[in-house]
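**Student:** predicted model and sequence below, questions to follow.
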Amino acid sequence: QTRPLQYGTALVLIALVLGIDLFAIILRSRVRRKKRW
């Protein structure tokens, strides 16, 4: 028996991780363009 709640939470966690990764990549590229730390 598969529990949809587990799949839902897993998908949400994966989405959060991917979103944070993309945000970090965009932030890095923008910071590199503006200033070199």
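**Tutor:** Arrived safely.
**Student:** Tyr7 is in what secondary structure piece?
**Tutor:** Element membership for Tyr7, per DSSP states H and E: helix 4-34.
**Student:** give me the low-pLDDT residue ranges for the protein?
**Tutor:** 1, 35-37 (pLDDT under 70).
**Student:** count the neighbours of Leu16 for me.
**Tutor:** 10 (other CB atoms under 10 Å). C-beta here means a position set from N, CA and C on the backbone, and glycine is covered the same way.
**Student:** measure it to Ile25 for me?
**Tutor:** Using CB to CB, to the nearest Å, one obtains 15 Å as the distance from Leu16 to Ile25.
**Student:** now Arg33: how far from Ala24?
**Tutor:** Distance, Arg33 to Ala24, using CB to CB: 15 Å.
**Student:** same check on Leu5?
**Tutor:** Computed with CB to CB, the distance linking Leu5 and Ala24 is 29 Å.
**Student:** Arg30 now?
**Tutor:** Distance of Arg30 to Ala24, computed by CB to CB: 11 Å.
**Student:** likewise Leu11?
**Tutor:** 20 Å.
**Student:** before we move on, what about Gln6?
**Tutor:** Gln6 is 27 Å from Ala24, by CB to CB.
**Student:** same thing with Val17?
**Tutor:** Val17 is 11 Å from Ala24, by CB to CB.
**Student:** I'd like to know how many residues surround Leu13.
**Tutor:** Neighbour count for Leu13, taken as other CB under 10 Å: 10.
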